[in-house]
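Novice: need a structure here:
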Amino acid sequence: MRFIHTMLLTLIVFCAGAQTPARPRLVVGIIVDQMRPDYLVRFGDRFGKDGFRRILQQGHTCTDTRFNYAPTVTAAGHASVYTGTTPSVHGIAGNDWYDQRSEGVVYCTSDTSVRSVGNSDPLSREGRMSPHRLLTTSIADQLKLSTQFKAKVIGISLKDRGAILPAGRSADAAYWFDARSGNWISSTWYMNTLPDWAQGFNNGKRPDKILSEPWNTVYPIASYTASDPDNTPYENPFLGETEPVFPHNLPTLRGTSYELARRIPQGNTLTRDFALAAIQGEDLGKDSITDFLCLSFSATDYVGHQFGPNAIETEDTYLRLDKDIAGLLAELDARVGKGQYLVFITADHACAENPKFMRDHRFHAGFIDNTAVSDTAKRVLSKLYGDTTYFKSFTNDQISLNRAAILRDGRDLCTVERQLAEGMQAAIEGIYLAPDACMLERESMEGSGFLPLIRNGHYRGRSGHLWMVYSPGWTEKLYSGDGTRGTTHGSPYPYDTHVPLLWYGWNIRPGKSMQEVSITDIAPTLSFLLGITLPNGCTGKKIESLLR
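Specialist: Numbering: from 1, shown residues only. As a prediction, this is how the structure comes out:
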């Protein structure tokens, strides 16, 4: 009897182990570009049962997840989620920044030492990208290291930075969308030719199909009661439209490129379908070695910038994304197996309310003109020192100075920074803080409120000499039209730093936590879940509520 009992116990343990392996077969990290946590509530009753609702009901939600730095922009956000640290350590100081060493503005992933793969021009700017400016390892890099590089790691996003930075420096591949050719492309950092499955996907010409039909709401437009009316003064129409209203006639708006495919919710579906092709083509999650798929949905950001957070276009984009998430989970169930994969969903930043919308509702808000900031800085420097050549650049909401000229004239750089800060705050309404590099780089610096977030986002040589932190509710003028429509992000304020964080699948018990966590806590939590070493620059901490 004792023998039979022992055998039964062994069988039970074996079966339990088969259902919950020591490690997941596949980790899928999902970043939804520009997603605010309130969208899960505002649109929640319209989600189907198999997408966001499935994850919310069966997974773990961290309701108070914050970015612990600024600038809250795409490149820095993707890098921080996966490295477990802030720009002050990993070095991705923005999407673009003025580089003090080369004395020019650089793009976060541009790399002239590599060639484009997947389009007709190997020297095209769109494909000459790599993670060479990322200065620390990512959680995906650590997975590669812990498996003697046997784990497969792939990054996918419409944006090159959304694919490249999460996957890290040792990824097997990163793929992004080329608006000129309509292809998914990569660079010679990863490969010399696209794999057959990727070429086959490109040969299907799916962007042509997407842009051959108008964008209309997926449900009757009268049912979109969580949003403003269809035509408001806070939305930008597409180029070629007279008003920002449905249906958007994509065939007549598309022009000669495929750029429009990024800017509509169908771009997220294209991303999902390419990810599913990668899962199948690369056999991700098919053996006992954990693989990692870094997936970023970027169309939400393009739609958000153009139409703002209260537009029907934005609501429709998230209702369609819910269907995309449901389709992704269904394929993961079928190909990898329920309970065999781990998913997390978060965002690289959120977004502000449109300042004109806020002013029209009697809130304190406004716009800052970037050109006016540059001109004012030159005037202040001229008045103080009789020299406008001290000004170099205004990039990423930061002023960079001509250090060599200042030192040549025998001036103290820290004094120049501080006096310029005082002059800028006196001259321009809407500047709340103007911290200078000397203050941020001082070891003994103590700060409260939003100042520590700026310090966490400051990287010497890649950040400016003076930061412009606008007042709550104030933003730079927006990207198109008259500069007052749509929305933006980048500030240290809650509307940009508060994002969703959802966990689902392998070893995740259903629940909800209101414990405050930082975006940099995701990578160390994954390290503990997977039993691997922390990313080498990690400053985050594990999320206790998830690991209990």
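Novice: CA only for contacts and neighbour counts going forward, please
Specialist: Noted.
Novice: Quick check, central residue of the chain?
Specialist: Residue closest to the average C-alpha location in the chain (Cα atoms, centre = their mean): residue 348, at 3.2 Å.
Novice: Show me the helices in the stretch 301-450 of the chain, by range?
Specialist: Per DSSP state H, counting those that start in this stretch, the stretch 301-450 of the chain carries helices over the ranges 312-335, 355-360, 370-385, 403-408, 413-427, 437-440.
Novice: could I get the second one in CSV with only the CA atoms?
Specialist: Once side chains and other backbone atoms are set aside, the C-alpha atoms of helix 355-360 remain, and they are given as CSV (Å, rounded to 0.1, in the frame of the first residue of the first chain):
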residue,chain,number,x,y,z
PRO,A,355,-4.5,72.2,-23.0
LYS,A,356,-7.1,74.0,-25.1
PHE,A,357,-9.8,71.6,-24.0
MET,A,358,-8.7,72.2,-20.4
ARG,A,359,-8.8,76.0,-20.8
ASP,A,360,-12.2,75.8,-22.4
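Novice: Let the chain start at 298 from now.
Specialist: With 298 as the first residue, the last one maps to helix 652-657.
Novice: If you count neighbours, what's buried in that helix?
Specialist: Neighbour-count burial for helix 652-657, counted by 16 or more other Cα atoms under 10 Å, picks out 652-655.
Novice: so residue 430 makes contact with residue 391?
Specialist: No. The criterion here is Cα atoms under 8 Å, and residue 430 misses it with residue 391 at 11.3 Å.
Novice: thinking again about what came up before, so which of the buried residues of helix 652-657 comes closest to residue 614?
Specialist: Of all the buried residues of helix 652-657, residue 654 has the smallest distance to residue 614: 20.8 Å, by Cα to Cα.
Novice: In TSV: the helices of the stretch 598-747 of the chain, plus mean pLDDT and distance to residue 505.
Specialist: TSV is the format used below for these (pLDDT from 0 to 100; distance: least, Cα to Cα, whole Å):
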stretch	mean pLDDT	distance to residue 505
helix 609-632	98	19
helix 652-657	97	36
helix 667-682	96	37
helix 700-705	95	50
helix 710-724	97	49
helix 734-737	94	48
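Novice: among the ones you listed, which is nearest residue 694?
Specialist: Among those, the nearest to residue 694 by Cα to Cα is helix 667-682 (8.2 Å).
Novice: Would you mind giving the orientation angle of that closest one with respect to helix 710-724?
Specialist: Between helix 667-682 and helix 710-724, the angle comes out at 120 degrees (axes from the mean of the first three to the mean of the last three Cα atoms, to 10 degrees).
Novice: what separates helix 667-682 from the chain centre, distance-wise?
Specialist: 32 Å (Cα atoms, centre = their mean, to the nearest Å).
Novice: Tell me which residues are up against that helix.
Specialist: Outside helix 667-682, the residues that touch it by Cα atoms under 8 Å, 6 or more residues apart in numbering are 684-685, 687-688, 690-691, 696, 717, 720-721, 724-725, 773-774.
Novice: List the buried residues in it.
Specialist: Result for helix 667-682 [16+ other Cα under 10 Å]: buried residues 670-671, 673-678.
Novice: cool, and stretch 690-705?
Specialist: For stretch 690-705, using 16+ other Cα under 10 Å, the buried residues are 690-700, 703.
Novice: Same check on stretch 473-490?
Specialist: Across stretch 473-490, burial judged by 16+ other Cα under 10 Å covers 473-476, 478-487.
Novice: now for the helices of the stretch 598-747 of the chain, which one comes closest to residue 385?
Specialist: Closest to residue 385 of those, according to Cα to Cα: helix 734-737, at 10.4 Å.
Novice: Just after the closest one, pick out the following helix or strand.
Specialist: Counting by DSSP states H and E, the next helix or strand C-terminal to helix 734-737 is helix 748-753.
Novice: After that following helix, which helix or strand is next?
Specialist: Next along the chain after helix 748-753, with elements defined by DSSP H and E, is strand 763-764.
Novice: how many neighbours does residue 715 have?
Specialist: For residue 715, the count of nearby residues is 19 (other Cα atoms under 10 Å).
Novice: can you list the domain ranges for the chain.
Specialist: 318-654+790-844, 663-769 (automatic domain parsing).
Novice: What's the end-to-end length of the first one?
Specialist: So that's domain 318-654+790-844. The straight-line separation of the ends of domain 318-654+790-844 (Cα to Cα, to the nearest Å) is 16 Å.
Novice: Ok, stretch 653-666 next?
Specialist: Start-to-end, stretch 653-666 (Cα to Cα) is 14 Å.
Novice: Just the residues contacting it, thanks.
Specialist: 531, 652, 727, 769-774, 781-782.
Novice: hmm, 7 Å instead?
Specialist: 531, 652, 770-774, 781 (Cα atoms under 7 Å, 6 or more residues apart in numbering).
Novice: Report the contact partners of the closest residue to residue 334 other than its chain neighbours.
Specialist: Closest residue to residue 334 apart from its sequence neighbours, by Cα to Cα, 6 or more residues apart in numbering: residue 797 at 4.7 Å. By Cα under 7 Å, 6+ apart, the contact list for residue 797 reads 333-334, 360, 362, 643-644.
Novice: Helices of the stretch 298-447 of the chain, start to end?
Specialist: 299-316, 336-339, 349-355, 371-380, 384-387, 436-443.
Novice: residues contacting residue 332?
Specialist: Here residue 332 is in contact with 644, 646-647, 796 (criterion: Cα under 7 Å, 6+ apart).
Novice: Select, out of the helices of the stretch 598-747 of the chain, the one closest to residue 808.
Specialist: Among those, helix 609-632 comes nearest to residue 808, with 19.2 Å by Cα to Cα.
Novice: From the contact counts, what lies against the closest one?
Specialist: In terms of contacts (3 or more Cα pairs under 7 Å, 6 or more residues apart in numbering; DSSP states H and E), helix 609-632 is packed against helix 563-578, helix 596-604.
Novice: Same question for the first one: list its buried residues.
Specialist: Under the neighbour-count criterion of 16+ other Cα under 10 Å, helix 563-578 has 563-577 buried.
Novice: Give me whichever of the domains of the chain is most buried.
Specialist: Most buried of the domains of the chain, by mean neighbour count (mean count of other Cα atoms under 10 Å): domain 318-654+790-844, with a mean of 21.
Novice: now it, how far from the centre of its chain.
Specialist: 6 Å.
Novice: returning to what we had before: so which of the buried residues of stretch 473-490 belong to helices?
Specialist: Assigned to helices by DSSP state H, none of those qualify.
Novice: Save the contacts of stretch 653-666 as TSV, and put in distance to residue 461 too.
Specialist: Output for the contacts of stretch 653-666, formatted as TSV (distance: Cα to Cα, whole Å):
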residue	distance to residue 461
531	33
652	33
770	32
771	31
772	28
773	27
774	29
781	32
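Novice: CA atoms of stretch 509-524 as CSV?
Specialist: Coordinates of each C-alpha in stretch 509-524 appear next as CSV, following Å, rounded to 0.1, in the frame of the first residue of the first chain:
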residue,chain,number,x,y,z
SER,A,509,-7.8,50.1,-49.5
GLU,A,510,-10.8,50.5,-47.2
PRO,A,511,-12.1,53.5,-45.2
TRP,A,512,-11.6,53.6,-41.4
ASN,A,513,-15.0,53.5,-39.9
THR,A,514,-16.0,52.7,-36.3
VAL,A,515,-16.1,49.0,-35.4
TYR,A,516,-19.5,49.6,-33.7
PRO,A,517,-22.3,52.0,-34.4
ILE,A,518,-20.9,55.5,-33.9
ALA,A,519,-23.8,56.5,-31.6
SER,A,520,-22.6,54.0,-29.1
TYR,A,521,-19.3,55.8,-28.4
THR,A,522,-20.6,57.6,-25.4
ALA,A,523,-17.3,57.5,-23.5
SER,A,524,-15.8,60.0,-25.9
